[in-house]
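Peer 1: give me the fold of what follows.
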Amino acid sequence: MFKPVKVTRISEEVFDQIKSAIVEGSLRPGEKLPTERELMKELGGSRIPIREALKLLENMGFIRTRQGGGSYVRSLVADRIYDPLSHVVKEDMDKLLELMEVRKEIETWSAYYAALRATAEDRDRLKGVIDAMTSWSEKKKTPPSRLDMDFHLAIAHASHNTIQEHLTHTIYDVFSDYLNFLIENVCFNQKYQESIYDQHLGIYDAIVDHDAEESMERINAHLTFVDQELRRCSEAEGG
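Peer 2: Numbering: from 1, shown residues only. Below you'll find the model as predicted:
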C-alpha cells in the first residue's frame, strides 16, 4: 500500500501517503491503520516523524486515535453530517425513514457500480461476509448485526467511489444504534433472518456475475423490504 519515503521531510511524506490512501479509498472509513512500528518498517521512517504525521492527520480530521487502541480512518463527511443528523433521527422517526430513502438511493448505485468495477479482492471480501452469514444461517442463530453492515460497506467499497463509500459509512453510523435495538429486541424471527440472508445472497450473486442492472434491482428490493420492516417494527415498539 505504501512505499519507502525520502530522508528529507519524512513526516510530510508520510502524511501525504496516508492521506492519499484515505482519499483514494485504499484505506476505508473505520479501518484501523498499521501500528507505528509497522509504519516505521513499511515507510522507512523513525518513530518521531511517524507520530508527527499521525498527529497532523488527526488534527485535520482524517483519522481518530483511540488511547491504547490505535488509529482509525474517519469518514470524510462524518462531522458535518453525523452530529446534527444523529440528533434529528433520534427525535423524529419520520426523519429516520427519510434517511432510509437516501440510503436506498446511494446503495442502489453502489451495487450497480460494484458489479462493474469490483476487483477480485472486492469479490473475495464480499464472499467472506457471505460465508460468515451462511454459517449463522445454517445454525439458525441470530448473526451479529455487524455482519450486515460489513456486507453493505463492502459493496460501497467495491463501487470504487470514495465519497459514496464514506457517505454510506456515515449513514450506517447514524442508523446503527436504533437498528441494532430493533433487530435484537423487536424484529427478530427466523423468517425475517432467512429473508435477509436470501436477499444478501442474491445481491452477491448479481455483483459476482457483473450484472449491474440486476444488482441494482436486487438491492433496491432488499432495502424496500428492510424499510417496510423498519416501519412495522417502529409501530410495534410504539405499542
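Peer 1: and this protein, what are its domains?
Peer 2: Using automatic domain parsing, the domain ranges for the chain come out as 10-73, 78-237.
Peer 1: which helix or strand in this protein has the lowest average pLDDT?
Peer 2: Ranked by mean pLDDT, DSSP states H and E, the weakest helix or strand in the chain is helix 78-91, scoring a mean of 53.
Peer 1: residue contacts, the closest residue to Val14 other than its chain neighbours?
Peer 2: Of all residues not flanking Val14 in the chain, Ala53 sits nearest, at 3.8 Å (C-beta to C-beta, 6 or more residues apart in numbering). C-betas here are computed from N, CA, C, even on glycine. For Ala53, the contact set (C-beta atoms under 8 Å, 6 or more residues apart in numbering) comprises Ser11, Glu12, Val14, Phe15, Ile18.
Peer 1: tell me how far whichever helix or strand comes after the least confident helix or strand of the chain lies from the chain's centre.
Peer 2: Sequence-wise, the next helix or strand downstream of helix 78-91 (DSSP states H and E) is helix 93-117. Chain-centre distance of helix 93-117: 13 Å, with C-alpha atoms, centre = their mean, to the nearest Å.
Peer 1: can you list contacts of helix 93-117?
Peer 2: By C-beta under 8 Å, 6+ apart, the list of residues contacting helix 93-117 from outside reads 85, 88-89, 122, 152, 155-156, 158-161, 164-165, 167-168, 171, 174-175, 178, 203, 206-207, 209-216, 218-220, 223-224, 226-227, 230-231, 234.
Peer 1: what about 6 Å?
Peer 2: For helix 93-117, contacts defined as C-beta atoms under 6 Å, 6 or more residues apart in numbering pick out 88-89, 155-156, 158-160, 164, 167-168, 171, 207, 210-212, 215-216, 219-220, 223, 227, 234.
Peer 1: name the helix or strand for the residue nearest the centre of the chain, please.
Peer 2: For the chain, the residue sitting closest to the mean C-alpha position, by C-alpha atoms, centre = their mean, is Leu153 at 3.3 Å. Assigned by DSSP H and E, Leu153 falls within helix 145-158.
Peer 1: ok, how many other residues are close to the residue nearest to Asp150 when sequence neighbours are not counted?
Peer 2: Leaving aside its sequence neighbours, Asp150 sits nearest to Val129 (C-beta to C-beta, 6+ apart; 5.0 Å). Val129 has 21 neighbouring residues, counting by other C-beta atoms under 10 Å.
Peer 1: residues in contact with Val129?
Peer 2: Asp150, Phe151, Ala154.
Peer 1: pLDDT on the helix or strand where it lies, on average?
Peer 2: Taking DSSP H and E as the criterion, Val129 maps to helix 120-139. Looking at helix 120-139 alone, the average pLDDT works out to 94.
Peer 1: over to stretch 10-21?
Peer 2: Mean pLDDT, stretch 10-21: 84.
Peer 1: and the helix holding Leu153 with helix 120-139, angle?
Peer 2: For helix 145-158 against helix 120-139, the angle by axes from the mean of the first three to the mean of the last three C-alpha atoms, to 10 degrees is 160 degrees.
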